[in-house]
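*Asks:* Take this sequence and fold it.
(one chain, ligands or ions: 2)
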Amino acid sequence: MTVVDIPGSKSVTARALFLAAAADGVTTLRRPLRSDDTEGFAEGLTRLGYRVGKTPDAWQIDGRPQGPAVAEADVYCRDGATTARFLPTLAAAGHGSFRFDASPQMRRRPLGPLSRALRDLGVDLRHEEAEGHHPLRIEASGVEGGEVVLDAGQSSQYLTALLLLGPLTRKGLRIRVTDLVSAPYVEITVAMMRTFGVEVRREGTVYVVPPGGYTATIYDIEPDASTASYFFAAAAATGGEVTVPGLGTGALQGDLGFVDVLRRMGAEVTTDAQGTRVRGTGELRGLTVNMRDISDTMPTLAAIAPFASGPVRIEDVGNTRVKECDRLEACAENLRRLGVEVATGPDWIEIRPGSEAPVGAEIKSYGDHRVVMSFAVTGLRVPGISFDDPGCVRKTFPGFHEAFGALRGQLPG
Ligand SMILES: O=C(O)C1=C[C@@H](OP(=O)(O)O)[C@@H](O)[C@H](O)C1
Ligand SMILES: C=C(OP(=O)(O)O)C(=O)O
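*Replies:* Ligands and ions are numbered 1, 2, ... in the order given. Purely as a prediction, here's the structure:
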């Protein structure tokens, strides 16, 4: 049995940084994720004048309920959508002139529904180049609050950004949501807001957020469930056994639901209060699965699908086309490089394992950490897999190759 120590959750760390910055008092985050996305978020806060103190195991943030400590700032959000979508709302609640820009891929990724909602709330927000995309400029003078309509069918992060903003407005927010993808991420947001002293109420499709601000706390960041998916998939694909402590029945992240997909395929899964264990049984059945709620794990499943005994069809994942790359096409392209038959549609991918074993090839990373980490799992059973850009794992797990290499030595085969 192998016990794997998975680094902290990106989503939880990003939210915790926002909440800590907005809270009244000093917050300590224990075991935050240290990766390009979360270091970028913390750097953004520093640019906005917040104090972020770092030790190897904890980050400490001096909260400022009144908003950024500087009157002007230029914030580079790197490749992280949480930074690029959450930080502008934090800035909007303060006073000053703030500009946000991001990596070329993050500039291509959409933001329009969020910026429209902020404008509807009276925020002076301008896109400097393409409408609905970074770079953008906010002339912030606080947010009054009230009711706003939001389409979060492309990204739940728009809704999370507005929910996080709610308690910083003068009247609170009523957010009427017309569509929502990646819904479990909103549950993470609501649960974490509660820990920082704010109760979000739901009335059907309306989220009601009271004004009044956040309270500082000591917060333990749980391990990243999307990262854990590579290690669970490794066990399922090789007949090995992997245990991840800290991701148990009380975990906040919906992506832990990936183990239910592995269970449907034939793996043995046990989850208790302490963590989750996956044991490969030698059986990996094909299936049709809707991954709308957990689409960050779509590439993980696509990458082990060639080992299934029948076709694997993944549905309702159209939003993976606007992530670090077009993930449906990236997975299809790389599976074809391995000699695997695959088809895609607007929001689905179907992998059809053949009688021939996949062959080794260079994987085209498209700068996407999940493409690399997913096909590393394929590499456990297919000799000769290499990557054109292995380093792009830095976005969420700089130490991935070392950790996965250590696991490889402990798995069967
Ligand atoms: O809120 C979050 O932390 C995230 C939400 C999801 O994005 P979408 O809601 O855009 O699907 C997920 O893919 C991303 O990695 C992190
Ligand atoms: C889509 C992802 O990240 P983000 O949207 O936060 O950039 C991801 O980590 O898979």
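
*Asks:* Now do the contacts for the residue in the stretch 151-300 of the chain that ligand 2 sits nearest to.
*Replies:* Of all residues in the stretch 151-300 of the chain, residue 296 sits closest to ligand 2, at 4.3 Å by C-beta to the nearest ligand atom. From N, CA and C alone the C-beta is placed, and that goes for glycine too. For residue 296, the contacting residues are 226, 229, 255, 323, 370, by C-beta atoms under 8 Å, 6 or more residues apart in numbering.

*Asks:* Now do the contacts for whichever residue of the chain sits closest to ligand 2.
*Replies:* Nearest residue of the chain to ligand 2, counting by C-beta to the nearest ligand atom: residue 81, 3.3 Å away. Residue 81 makes contact with 106, 109, 155, 157, according to C-beta under 8 Å, 6+ apart.

*Asks:* Could you find the closest non-adjacent residue to residue 362?
*Replies:* residue 386 (5.0 Å; C-beta to C-beta, 6 or more residues apart in numbering).

*Asks:* neighbours around that neighbour, how many?
*Replies:* 11 (other C-beta atoms under 10 Å).

*Asks:* how about residue 138, secondary structure?
*Replies:* strand (DSSP: H, G, I helix; E, B strand; the rest coil).

*Asks:* measure it to ligand 1 for me?
*Replies:* Look at residue 138 and ligand 1: by C-beta to the nearest ligand atom, to the nearest Å, they are 20 Å apart.

*Asks:* What is the burial count for that residue?
*Replies:* Neighbour number of residue 138 under other C-beta under 10 Å is 21.

*Asks:* my guess is it meets residue 127, correct?
*Replies:* No. Counting by C-beta atoms under 8 Å, residue 138 sits too far from residue 127 to count as a contact (10.7 Å).

*Asks:* Close to ligand 1: what parts of the chain are there?
*Replies:* 11, 14, 82, 155, 156, 157, 160, 181, 182, 185, 296, 319 (C-beta under 6 Å from any ligand atom).

*Asks:* who does the host helix or strand of residue 289 pair up with?
*Replies:* Using DSSP states H and E, residue 289 sits within strand 287-290. Strands adjacent to strand 287-290 in the sheet, as given by DSSP bridges, are strand 312-315 (parallel).

*Asks:* average pLDDT for the strand it pairs with?
*Replies:* The average of the pLDDT scores along strand 312-315 is 98.

*Asks:* circling back to that earlier point, most neighbours of all the residues of the chain next to ligand 1, which one?
*Replies:* Most surrounded of the residues of the chain next to ligand 1: other C-beta under 10 Å gives residue 11, at 31 neighbours.

*Asks:* Distance from the chain centre to whichever strand or helix holds that one, please.
*Replies:* For residue 11, the element it lies in under DSSP H and E is helix 10-22. Put simply, helix 10-22 sits 13 Å off its chain's centre (C-alpha atoms, centre = their mean, to the nearest Å).

*Asks:* Over to stretch 207-223?
*Replies:* 18 Å.

*Asks:* The chain should start at 54 in everything you say after this.
*Replies:* Got it, first residue is 54 now, which makes that one stretch 260-276.

*Asks:* Mind listing what's buried along it?
*Replies:* 260, 262, 263, 266, 267, 268, 269, 270, 272, 274, 275, 276 (16 or more other C-beta atoms under 10 Å).

*Asks:* Give me the subset of these that lies in strands.
*Replies:* 260, 262, 267, 268, 272 (DSSP state E).

*Asks:* Show the contacting residues for the second one.
*Replies:* When the contact criterion is C-beta under 8 Å, 6+ apart, the partners of residue 262 are 216, 219, 220, 225, 226, 227, 228, 246, 251, 253.

*Asks:* Out of these, flag the one nearest to residue 108.
*Replies:* residue 246 (25.8 Å; C-beta to C-beta).

*Asks:* Against residue 340, how distant is the residue of the chain positioned farthest from its centre?
*Replies:* Residue farthest from the centre of the chain, counting by C-alpha atoms, centre = their mean, is residue 408 at 35.2 Å. Going from residue 408 to residue 340 by C-beta to C-beta, to the nearest Å gives 20 Å.

*Asks:* Might you list the low-confidence residue ranges for the chain?
*Replies:* Along the chain, segments meeting pLDDT under 70 are nowhere present.

*Asks:* Pull up the residues of it that are close to ligand 2.
*Replies:* So far as C-beta under 6 Å from any ligand atom goes, the chain lies against ligand 2 at 133, 134, 135, 349, 376, 377, 423, 449.

*Asks:* Among the residues you listed, which are located in helices?
*Replies:* 134, 135, 423 (DSSP state H).

*Asks:* The residue lying closest to residue 183 once chain neighbours are set aside sits in which helix or strand?
*Replies:* If the residues on either side of it in the chain are set aside, residue 183 comes closest to residue 160, at 7.8 Å by C-beta to C-beta, 6+ apart. Using DSSP H and E, residue 160 sits in helix 157-161.

*Asks:* In whichever helix or strand comes after that helix, which residues are buried?
*Replies:* Per DSSP H and E, the first helix or strand lying C-terminal to helix 157-161 is helix 165-173. Neighbour counts using 16+ other C-beta under 10 Å place 166, 167, 168, 169, 170, 171 of helix 165-173 among the buried residues.

*Asks:* next one: stretch 180-188
*Replies:* Buried, per 16+ other C-beta under 10 Å, within stretch 180-188: 186, 187, 188.

*Asks:* In a markdown table: those residues, plus secondary structure and distance to residue 242.
*Replies:* Shown next, in a markdown table, are the buried residues of stretch 180-188 (DSSP: H, G, I helix; E, B strand; the rest coil; distance: C-beta to C-beta, whole Å):
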| residue | secondary structure | distance to residue 242 |
| --- | --- | --- |
| 186 | coil | 23 |
| 187 | coil | 22 |
| 188 | coil | 25 |
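
*Asks:* Adding distance to residue 324, write these out as a markdown table.
*Replies:* Below are those laid out as a markdown table (distance: C-beta to C-beta, whole Å):
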| residue | distance to residue 324 |
| --- | --- |
| 186 | 40 |
| 187 | 38 |
| 188 | 43 |
